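Asks: Provided below for reference: sequence and predicted model.
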Amino acid sequence: MWILLLVPFIGLLWVPFYNFQEPALFGFPFFYWYQLAWVPISSLLIWLVYRRRARGESP
């Protein structure tokens, strides 16, 4: 389940994937809101991994 923690890293690592002006969201270029969207997504993934770990597993 810990492999989910690599998803945000990979999603933000390849900059040419999101280095665009359009589509804009509320006046923010895609470059900025794509990165900002990963903040709650990453938090959710960290929470999911934390909840799925075994009780005896060290944090």
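Replies: Yes, it's here.
Asks: check contacts around Val7.
Replies: Shown in contact with Val7 (C-beta atoms under 8 Å, 6 or more residues apart in numbering): Leu45. Backbone N, C-alpha and C define where each C-beta goes, glycine included.
Asks: from what I can see Leu45 touches Pro8, true?
Replies: Yes - if you go by C-beta atoms under 8 Å, Leu45 and Pro8 touch, sitting 6.6 Å apart.
Asks: So what's the residue count around Leu36?
Replies: 11 (other C-beta atoms under 10 Å).
Asks: Then Ala24?
Replies: Neighbours of Ala24 (other C-beta under 10 Å): 13.
Asks: try Gly11
Replies: Using other C-beta under 10 Å: Gly11 sits among 16 other residues.
Asks: One more: Asn19?
Replies: 11.
Asks: Name the nearest residue to it, sequence neighbours excluded.
Replies: In space, and not counting its chain neighbours, Asn19 is closest to Phe31: 5.9 Å by C-beta to C-beta, 6 or more residues apart in numbering.
Asks: Then Phe26?
Replies: Nearest residue to Phe26 in three dimensions, chain neighbours excluded: Trp33, at 7.7 Å (C-beta to C-beta, 6+ apart).
Asks: wouldn't that neighbour be in contact with Leu25 here?
Replies: Yes - at 4.6 Å, Trp33 counts as touching Leu25 under the criterion of C-beta under 8 Å.
Asks: And these two? Which one has more around it.
Replies: Trp33 (16 against 13).
Asks: Roughly how far does that one sit from Gly11?
Replies: Using C-beta to C-beta, to the nearest Å, we find Trp33 at a distance of 13 Å from Gly11.
Asks: same check, this time on Ile41
Replies: Ile41 is 8 Å from Gly11, where distance means C-beta to C-beta.
Asks: repeat for Ile3
Replies: 13 Å.
Asks: so what's the residue nearest to Asn19 up against?
Replies: Tyr18, Asn19, Phe20, Gln21.
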